[in-house]
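Predicted model, plus sequence, below.
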Number of protein chains: 2
Amino acid sequence: MSNTVNDYEELAQRLRDAELLASCASVLSWDEQTHLPTGGAEHRSNQLGLIAGLAHDRKTDARIGDLLASLESSRDLGDPDGDVAVNVREARRTFDRATKLPKKLVEELSKTTSLAQQAWVDAKKNADFPSFQPWLEKIIGLKREEAAAIGTTTGVPYDALLDDYEPGMTAAQVNAVFEPLRKELVALVSAIQQSGKVAPLEIVERHYPQVPQRVFAEAAARQIGFDFDRGRLDESPHPFCSGFGPGDCRLTTRFNDHHFNSAFFGVLHEAGHGIYEQGLPTAAYGLGIGQACSLGIHESQSRMWENFVGRSRSFWTYFYPTAQQAFPTALGGVASDDFYAAVNDVRPSFIRVEADEVTYNLHIMLRFELEQKLLDGTLLPADVPAAWDAAFERDFGMRPAKASQGCLQDIHWSGGLVGYFPTYALGNMYAAQFFETARAELGDLDAMFAKGQFKPLKSWLNEKIHVHGKRYTAARLVEVVTGKPLTSAPLVQHLQTKFSALYGI
Amino acid sequence: MSNTVNDYEELAQRLRDAELLASCASVLSWDEQTHLPTGGAEHRSNQLGLIAGLAHDRKTDARIGDLLASLESSRDLGDPDGDVAVNVREARRTFDRATKLPKKLVEELSKTTSLAQQAWVDAKKNADFPSFQPWLEKIIGLKREEAAAIGTTTGVPYDALLDDYEPGMTAAQVNAVFEPLRKELVALVSAIQQSGKVAPLEIVERHYPQVPQRVFAEAAARQIGFDFDRGRLDESPHPFCSGFGPGDCRLTTRFNDHHFNSAFFGVLHEAGHGIYEQGLPTAAYGLGIGQACSLGIHESQSRMWENFVGRSRSFWTYFYPTAQQAFPTALGGVASDDFYAAVNDVRPSFIRVEADEVTYNLHIMLRFELEQKLLDGTLLPADVPAAWDAAFERDFGMRPAKASQGCLQDIHWSGGLVGYFPTYALGNMYAAQFFETARAELGDLDAMFAKGQFKPLKSWLNEKIHVHGKRYTAARLVEVVTGKPLTSAPLVQHLQTKFSALYGI
C-alpha cells in the first residue's frame, strides 16, 4: 500500500507541475488574443513554442510511464469511479496521447498556430483568404501528421483528433446523432419562415453604447454566478474563456455598438464556461478529477446559460427593467415581449457566433462536413472558400459575399483546432437533456429566473456535473445525471415548444 | 577558430533560450500588475516560481560554464569592445552571479515577492503597514541571504545587490556623487522657497477626464518616438515599462482625474524606457549587446524624455495648443506660460513618482539611506515607518500622515528590488550629461522641439547609447559619449538655469 501511495503522490505532483507550466502558456495565449501588438507576434510564437516543448517534456517523462505501470499493477486503487482510479486512468490516457506525438511536431504546431492566428486576424479583417491559405495548408498537414501519430481503431483520421476534445466519441457517432437533429431543424426553420411572422430584429440593432453594454453584461454574468474575484472580462476578436488555474478564469467578448446580442449573449456564454471552470475541484488541479469532462460538456454549460436561461422569457422578466435603464434610448419605449422576440429572432445568417438557437447547429454541421473532407484529403485548403460557399447556399439558401462572412469567420482552424466544431452541437444536446432533468428535480425554474434566482440551477450544475471533473466520460455523465443516454429529443422538444409559441406555428 | 565559432554559437543559442523563458515570466508579471483578479494571486505566484526555477536551471547549466571556459581560453574573441568579446564577458558576469545563488533561494524570492506585491497593493490601499511588515521582513532576510551568496570585494552587503542593477558601481561611489548633489539641491530648494514665487499648481489639479488624458499621452509618446506597433500602454497601480522581447514593449500608467501630471509625465517617462528597449539590437536578443547597459542608463532615457524634453518650454510651445483642445474646460483660458510654470512647480511633497525635478533626488537619497541600514541590520523592518517619517521630516520639513504617503508608496521592496533606488538619481545625472552633449552636437534642440521634431534626439540616443547595449559599463559609456566622467555638474547647471528663470532667483 505504501508504495502505491508514494507512487500516486509522485505522479500527482508531476502532473500538477506539468499543468502549472502549461497554464503559463494559457496566460501568453490570452494576452496574444487580447493585447499583443502586431510587432510582438514572432516573439510570442517563440515563447509559446518553447513552453509547449517544455510542457511536452514533462508530460512525456518516462518516469510517468513507470509510475503508471506500477500503479496499474496494484490492486489498491479502489472504486474505479473513485478519485484515485479516475486520476490514474486519465493520466494514462493523456500520457499515451502525448507520448505518441513527436516533440518536434508539438513545437511546430505551437509555433505555426501562434503565427497563423495573427495571419488570420489580418486575413479576416481584409477578407483575404489567399493570405491565409498557406497557413491552413500547413496546419491541415500538421493535423494529419498528428492524426497518423495518434492512430485510431476505426481507421478514420478524424476520430484521432475528435477524441482529444470529446474522449471516446467518433465521427460516425456524431453523424448518428446529427442526422435526426438536422431533419428536425430543417423542418423547424422552414415552418418558422412559412409562419409569415418576423421578429422585430431592428430593436437589437439600435445604438447600444459600449460602456453600459459592458456594465450590464458583467452584472448579468455576476448574477448567474460567475465570480469576478476569481476571474475577469476583456475584449478579443474571437470571444473565449480560459481557465488559467485555481482562482483565475478569463472571459473575453467583443462589442458591437449596433447589435445588443453580440456582447451580451457572448458574455453569458463565456460566463457559462467560466462557472464550470470555477466549479472544478481546485484540490485536484492538474488531475483528471480537476479537469472538465469534455469540450461538449463544457459547451453544454455555456449554451445552457446563454440560451436555455439567457434567452428565456423568465430571464427577461427579471432583467428587462435593468436593460431599459441601461439603454434608455434604444429600449425606453419597447415592450418586454417585443424585446424577447427580437433576441429570439430565427433566420439564416452568415456568422455562427451570432446565429440563433435553431440555425446554429446547421452552421456546425457544415464545418463538421468540411473538416472531415479536409482530413481525408477529399477537399484541398485552396478549395475551402468555394466548398464553404456552396454548402452554405445549400443549407441556408444564401451565399457569403466575402470570406470574412464565410470560411474566415472562425479562429479555430488557425489555432489548430480541427475536430473541435462538433462539440458545439453536442453541447446543445447535452444542455437540453441536463436542463430537462434540472427542471424535473428543482421545480419551477422559470419562477426562480423571473425573481433573479439563478443559484439553485448553478448549485445543481456544480453538484451534478462540475465537481466530478473527468470522473465519467461525457456519454456516461449524461446517463448518470439524466438516467438516459444522449438523444436529440430534448433539444428538439425545447426548440419546438419555444419557437412554436414565438412564431405561432 | 572553428571550435571557437561553434562554442560561441552554442552559447548564444543557450542564452537566447534562457532569456526567452525568462521573458514568459515578464508577461506573467505584467499581467499580475495590470489584470490579475485577487483570487488568482496564489496560482500566479506558483507559475512565476516554476518559471524562475526553470530559467535559473538554464542560466546555471554547467555546459555554459564549460563553453565560457573554452571561449575565454581562446585568442579569437577579437576586439574587447566588439560584439563577441562583450557577449562572452557579459555571459560570464551573469553566469557567475546566477551560479552563486542557490536555486531554492531564487524560487523562494520569486514566490515571496509575487505574494508580497499583492499584499502591498492591499496594504497601500488601507495605509496598513503592519499587514505588510512580515513580507518586508521576509524579503529583507532573503535579500541578505542573496547578498551573502553573491559576496563583494568591498565587504559591504549592499554592494552585492547594487551591482545587479548598476554593474561595477558601489554604495561608496554612489555616496560620493550624491553628497555634492545633495548640497546644491538643498540650496536650490531653499532659494526657490525664499523666492516668494509660487507656481499656479491649481491649473494641473483641475478636472482632466481620463479618455482625453489617455489619447493625449499616447499621442505624445508616439510623437517622441515610441512605436505602438511594437508596444502598448495599460494601467497599473505602479507605472512601469517591461520589454517582453523584440517587437513587444509594454508601458503602464495610472490616471488621476484631478492631476494632469500623474499620467502624462508618467507616460513620457515609461515611453523613454520603452524607446530604449525598442532601440536595442534585436539580432543580439538574449546577449550582452542586446541588453540595456544598466538601470541607471535606462533611467537616464526615461528622465530625459520626461523632464529634459517633456518639461521644457519648447516642448509645450509645440504641444500646448493640442492640450488645450484635449482639455478645453481645464485649459481653455490658461496662458501657455502659466501651464509651463504649473508643470514645473517645485515644492516638497510626499509621493516620489509625482515629485518635481529638484526634490525628486532627495526622495531617492532617503530610500538609499534606509536601504543601506536595512541591509546592514542597523534598521529593522518594524522600525521603517518611524525611520522614514523622521528622515522625511528632516529632508522635507513635513511628516507623512499615513504609510501610503510614506514607506508604502513604492512597489520596489515588495518586489524584492533592494539596491535599485539609487539608479533613479544616477539616471538624472547621466541624463543631464548626455543632454548637454546632444545639445552641443545636434544644435538648437529647443527650436526642434518647438516644431514637434523629436527624431534628431531620438536617433542620436539610438546611435550613441541604445545600439551598444552592454558594450560599455555605464561609467565608460558616459565617458565615450560625453568625453568626461560622470559628475553632478550638468544636472546642477540644468536645474539652476531652468528654475532660476522660473522662480526669478
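Great, that's in hand. Numbers count the residues shown, from 1 in each chain, chains lettered A, B, ... in the order given.

What residues does chain A have near chain B?
Contact residues, chain A versus chain B (Cβ under 8 Å from any Cβ of the partner chain): A:17, A:20-21, A:23-24, A:27-28, A:31, A:35-44, A:46-47, A:50-51, A:54, A:227-232, A:234, A:244-248. To be clear about C-beta, it is placed using only N, CA and C from the backbone, and glycine gets the same treatment.

again, 6 Å this time
A:20, A:24, A:27-28, A:31, A:37-40, A:43, A:46-47, A:50, A:229-232, A:245-248 (Cβ under 6 Å from any Cβ of the partner chain).

what's around the residue in the stretch 1-150 of chain A that chain B sits nearest to, how many residues?
Proximity of the stretch 1-150 of chain A to chain B (Cβ to the nearest Cβ) peaks at A:Gly40, 2.9 Å away. When neighbours are defined as other Cβ atoms under 10 Å in any protein chain shown, A:Gly40 has 26 of them.

Report the contact partners of it.
By Cβ atoms under 6 Å, 6 or more residues apart in numbering or on different chains, the contact set of A:Gly40 is B:Gly247, B:Asp248.

do the same with A:Leu181
By Cβ under 6 Å, 6+ apart, the neighbours of A:Leu181 are A:Ser488.

what kind of secondary structure is it in?
For A:Leu181, the assignment made with DSSP: H, G, I helix; E, B strand; the rest coil gives helix.

Got the confidence number for the residue nearest the centre of chain A?
Residue closest to the average C-alpha location in chain A (Cα atoms, centre = their mean): A:Glu299, at 4.4 Å. Predicted confidence (pLDDT) for A:Glu299: 97.

next one: A:Val106
pLDDT, read off for A:Val106, is 86.

Report how many residues lie close to it.
21.

Equivalent analysis for A:Ala475, please.
Neighbours of A:Ala475 (other Cβ under 10 Å): 18.

And the next helix or strand past the one helix or strand it maps to?
Using DSSP states H and E, A:Ala475 maps to helix A:474-482. Following helix A:474-482 in sequence order, the next helix or strand is helix A:489-503 (DSSP H and E).

Give the other helices and strands that that following helix contacts.
Using 3 or more Cβ pairs under 6 Å, 6 or more residues apart in numbering or on different chains; DSSP states H and E, the elements in contact with helix A:489-503 are helix A:422-442.

8 Å - rerun?
Judged by 3 or more Cβ pairs under 8 Å, 6 or more residues apart in numbering or on different chains; DSSP states H and E, helix A:489-503 is in contact with helix A:171-194, helix A:422-442.

Once you drop chain neighbours, what's closest to A:Glu479?
Nearest in space to A:Glu479, with sequence neighbours left out and distances taken as Cβ to Cβ, 6 or more residues apart in numbering or on different chains, is A:Pro485 at 5.7 Å.

Now that neighbour, what are its backbone angles?
Dihedral pair for A:Pro485: phi -70, psi 160, per degrees, to the nearest 10.

Repeat that for A:Asp248.
Here is the backbone geometry of A:Asp248 (degrees, to the nearest 10): phi -150, psi 100.

Could you export stretch A:80-96 as PDB, CA atoms only?
C-alpha atoms of stretch A:80-96 as PDB (Å, rounded to 0.1, in the frame of the first residue of the first chain):
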ATOM      1  CA  PRO A  80     -13.000   2.600 -10.400                       C
ATOM      2  CA  ASP A  81     -15.100   5.700 -10.200                       C
ATOM      3  CA  GLY A  82     -13.200   7.000  -7.200                       C
ATOM      4  CA  ASP A  83     -10.800   9.900  -7.400                       C
ATOM      5  CA  VAL A  84      -7.600   7.800  -7.300                       C
ATOM      6  CA  ALA A  85      -8.600   5.300 -10.000                       C
ATOM      7  CA  VAL A  86     -10.000   8.100 -12.200                       C
ATOM      8  CA  ASN A  87      -6.900  10.200 -11.900                       C
ATOM      9  CA  VAL A  88      -4.700   7.300 -12.800                       C
ATOM     10  CA  ARG A  89      -6.900   6.400 -15.700                       C
ATOM     11  CA  GLU A  90      -6.900   9.900 -17.100                       C
ATOM     12  CA  ALA A  91      -3.200  10.200 -16.600                       C
ATOM     13  CA  ARG A  92      -2.700   7.100 -18.700                       C
ATOM     14  CA  ARG A  93      -5.000   8.500 -21.400                       C
ATOM     15  CA  THR A  94      -3.100  11.800 -21.500                       C
ATOM     16  CA  PHE A  95       0.300  10.100 -21.300                       C
ATOM     17  CA  ASP A  96      -0.400   7.700 -24.100                       C
END
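
which one's the longest helix in chain A?
Looking across chain A with DSSP state H, the single longest helix is helix A:2-34.

between that one and helix B:2-34, how big is the angle?
Relative orientation of helix A:2-34 versus helix B:2-34 (axes from the mean of the first three to the mean of the last three Cα atoms, to 10 degrees): 80 degrees.

Can you list the buried residues in helix A:2-34?
A:4, A:7-8, A:10-12, A:14-16, A:18-34 (16 or more other Cβ atoms under 10 Å in any protein chain shown).

next structured bit after that helix?
Following helix A:2-34 in sequence, per DSSP H and E, is helix A:41-59.

how many degrees apart are that next one and helix B:2-34 in direction?
100 degrees.

can you map out the helices along the stretch 151-300 of chain A?
Counting by DSSP state H, counting those that start in this stretch, the stretch 151-300 of chain A has these helices, from start to end: A:157-165, A:171-194, A:210-224, A:260-279, A:295-303.

nearest to B:Gln210, of those?
The closest approach between B:Gln210 and any of the helices of the stretch 151-300 of chain A, judged by Cβ to Cβ, belongs to helix A:210-224 at 12.0 Å.
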